[in-house]
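**Student:** Pasted the sequence and its predicted model underneath.
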Amino acid sequence: MFDRLEKVLGAILADYSDIRFEIKNETRISYDGNELTQVAKNTSEGFVLRILKDGGFATCTFTREEDLTKAVSRTLENAQILSRANARPTVLAPVPPIQDEYLPKLDEDPRQVALEEKIALTRHYNQIAMGHPSIATTNINYSETERTKYFISTEGTRIHEDLLTVAISGSITSAEGSLLQNIRVNAGGSQGFAILRNREADFERKRQIVVDLLQAQPVAGGVYNVILNNSMAGVFTHEAFGHFSEADLIEDAPSMRRKMQIGALLGSTIVTIKDNPTLPNQLGFYQYDDEGVKAEPVTLLQDGVLAGRLHSRRTAAAFSEPVNGRCVAEDYRYAPIIRMGTIFIQPGRDSVDELFAKLGDGLFIADAKGGQTSGEEFTFGAQYGYIIRNGKKAELIRDVNITGNLYETLQNISAVADDFVLSQTGGCGKGQTNIRSCHGGPHVLVKDLVIGGQ
């Protein structure tokens with residue numbers, strides 16, 4: 001494959017070009033309630049061609065190798081049109097050429113596990129989720145995605161990397177009269193099928209919570225001191241802060257660029273935020289991004305001060321900042337865009353128990369349930385929470401939403417625990433879906449957080 005692609009690239013009269021060829025294999029199994037509703041396996045493949053010519057940078061995606069010559073012609077033509085139309089020519093930051101192959105180190109290769117066993121395991125967890133009279137329905141899914149990628153550029157880079165992601169995840173819904181409650185359950189990662197085994201306790205725990213939520217009271221709206229668990233702290237870090245660390249999202253937003261200047265004090269001095277896709281055995285792990293750049297750990301916020309940003313080669317040149325390998329595509333249908341890898345707040349010094357003692361009275365907010373951001377403002381839902389009295393969990397509460405301003409919330413983080421948990425399933429939807437989007441971190445204590453409720 002490399003030799004064929006290299007021959008095509010060598011004939012392109014341009015300043016730079018690259019091609020990514022990808023084979024994608026997917027397996028899907030779904031249960032809705034007690035009914036098996038889907039068993040599907042699919043294989044597809046395609047190409048992404050990028051050409052830089054006289055400052056114009058164009059992309060073409062196509063699925064048939066016989067269309068390669070036509071794709072080159074059209075992409076080159078589009079690059080020349082962009083060169084004439086754009087006021088700012090595209091420049092790519094220099095990177096060293098790489099020749100490498102990376103195959104994931106898997107704890108039990110899912111490709112060697114029989115489909116019948118995958119169905120049986122999904123059914124087993126679904127039966128656990130259904131195992132209470134108050135459970136109305138479930139939606140439990142097995143997903144397996146394998147991306148086999150070949151990347152080659154005119155600068156001499158040749159990379160073959162495989163990415164393999166598995167998950168059993170979904171939702172459990174309980175009902176009592178007209179009241180419905182639901183909760184999410186998930187297990188998965190990128191380190192092999194073994195992570196899906198022996199997860200019965202997780203499904204039992206989530207089933208019990210969603211049953212107990214039928215008796216829980218809605219949270220009373222107000223301003224509280226709160227502890228966010230690993231999931232909620234991770235979603236806040238990803239959604240409210242992380243996206244503003246992606247250079248393409250602030251590039252043409254003057255007000256955000258002024259606020260997000262390297263060296264600006266943005267948060268509490270106890271808060272350090274990192275993005276690191278090189279952490280082994282994590283959902284967000286990868287070696288090279290989809291423009292052939294080696295992934296590097298980046299400290300985004302150091303002791304409350306903005307210290308770094310996430311870049312493609314194009315934005316690194318535009319900002320005059322280091323390249324760090326954050327240009328990632330969903331699959332062969334898309335050109336890569338800037339994405340987070342594994343983003344988290346660095347663990348602190350307090351134990352979780354010490355965090356609750358510092359809180360005293362307030363709320364414990366657990367497990368993210370969607371949300372949205374609008375500029376600096378955010379609103380996130382939580383799956384459940386607890387009233388905290390004298391540092392101890394009291395009543396379970398439901399219908400919890402948190403809202404606030406990014407910078408005020410960063411300033412109001414008053415303690416960070418020493419634990420560390422990262423997400424096992426992902427789903428960032430910035431332009432494309434990134435199933436390996438990983439976030440998490442420690443529990444954090446936040447003062448004066450607005451809670452929406454009754």
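**Tutor:** Okay, I see it. Bear in mind the structure is a predicted one, so any value in this text is a computation, not a measurement. Numbering: from 1, shown residues only.
**Student:** Please enumerate the helices of the stretch 1-150 of the chain.
**Tutor:** 2-10, 68-85, 115-129 (DSSP state H, counting those that start in this stretch).
**Student:** need the ones you listed in CSV with mean pLDDT and mean neighbour count, can you?
**Tutor:** Backbone N, C-alpha and C define where each C-beta goes, glycine included. Output for these, formatted as CSV (pLDDT from 0 to 100; neighbours: other Cβ atoms under 10 Å):
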stretch, mean pLDDT, mean neighbour count
helix 2-10, 87, 14
helix 68-85, 96, 16
helix 115-129, 98, 17
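**Student:** so can I have TSV of those helices showing distance to Pro322?
**Tutor:** What follows is those, written out as TSV (distance: least, Cβ to Cβ, whole Å):
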stretch	distance to Pro322
helix 2-10	26
helix 68-85	26
helix 115-129	42
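**Student:** Among those, which comes closest to Ala167?
**Tutor:** Between Ala167 and those, the shortest separation by Cβ to Cβ is 10.5 Å, and it involves helix 115-129.
**Student:** what's in contact with that closest one?
**Tutor:** With Cβ atoms under 8 Å, 6 or more residues apart in numbering as the test, helix 115-129 has contacts from 27, 29, 31, 34, 36, 39, 41, 110, 135, 138, 140-142, 144, 168, 170, 172, 185, 196-197, 199-200, 203-204, 206-207.
**Student:** Put the buried members of the residues you listed into a PyMOL selection.
**Tutor:** The PyMOL selection below is limited to those of the contacts of helix 115-129 classed as buried (16 or more other Cβ atoms under 10 Å):
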select buried, resi 27+29+31+110+135+138+140+141+142+144+168+170+172+185+196+199+203+204+206+207
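**Student:** Show the backbone phi and psi for Arg398.
**Tutor:** Per-residue torsions, Arg398: phi -130, psi 180 (degrees, to the nearest 10).
**Student:** do Asn281 as well
**Tutor:** Main-chain torsions, Asn281, degrees, to the nearest 10: phi 60, psi 30.
**Student:** can you check the one 4 residues further on too?
**Tutor:** As for Phe285, its main-chain torsions (degrees, to the nearest 10) stand at phi -70, psi 140.
**Student:** any idea how far it lies from Ser30?
**Tutor:** Distance of Phe285 to Ser30, given as Cβ to Cβ, to the nearest Å: 26 Å.
**Student:** the more surrounded of those two?
**Tutor:** The neighbour comparison of Phe285 against Ser30 (other Cβ atoms under 10 Å) goes to Phe285, with 22 against 18.
**Student:** What residues does the more buried one make contact with?
**Tutor:** By Cβ under 8 Å, 6+ apart, the contact set of Phe285 is Ser190, Gln191, Pro277, Thr278, Leu279, Gly341, Thr342, Arg436.
**Student:** Most neighbours of all these, which one?
**Tutor:** Counting by other Cβ under 10 Å, top hit in these: Gly341 with 30 neighbours.
**Student:** My guess is it contacts Gln287. True?
**Tutor:** No: contact status for Gly341 versus Gln287: not in contact, 10.9 Å apart, counting by Cβ atoms under 8 Å.
**Student:** Overlap in contacts, the two.
**Tutor:** With Cβ under 8 Å, 6+ apart, Gly341 and Gln287 have common neighbours Thr278, Ala295.
**Student:** buried stuff in the helix or strand where Met232 lies?
**Tutor:** According to DSSP states H and E, Met232 maps onto helix 230-235. Residues of helix 230-235 classed as buried by neighbour count (16+ other Cβ under 10 Å): Asn230, Ser231, Met232, Ala233, Gly234, Val235.
**Student:** Now the element after it, going C-ward?
**Tutor:** Next helix or strand after helix 230-235 toward the C-terminus (DSSP H and E): helix 247-250.
**Student:** Enumerate the positions of that next one that are buried.
**Tutor:** For helix 247-250, by 16+ other Cβ under 10 Å, it's Ala247, Asp248, Leu249, Ile250.
**Student:** mind checking pLDDT for the nearest residue to the second one once chain neighbours are set aside?
**Tutor:** Closest residue in space to Asp248, ignoring its immediate chain neighbours: Ile338 at 4.9 Å, by Cβ to Cβ, 6 or more residues apart in numbering. Model confidence at Ile338, expressed as pLDDT, equals 98.
**Student:** Count the residues that sit near Ile338.
**Tutor:** By other Cβ under 10 Å, 25 other residues sit near Ile338.
**Student:** so what's it up against?
**Tutor:** Contacts for Ile338 (Cβ under 8 Å, 6+ apart) come out as Glu246, Ala247, Asp248, Leu249, Leu310, His311, Ser312, Thr315, Arg326, Cys327, Val328.
**Student:** what are the bridge partners for the spatially closest residue to Gln261 that is not a sequence neighbour, then?
**Tutor:** Distances taken as Cβ to Cβ, 6+ apart place Leu306 nearest to Gln261, at 6.7 Å, with adjacent residues excluded. When bridges are called by DSSP bridges, Leu306 pairs up with Leu301.
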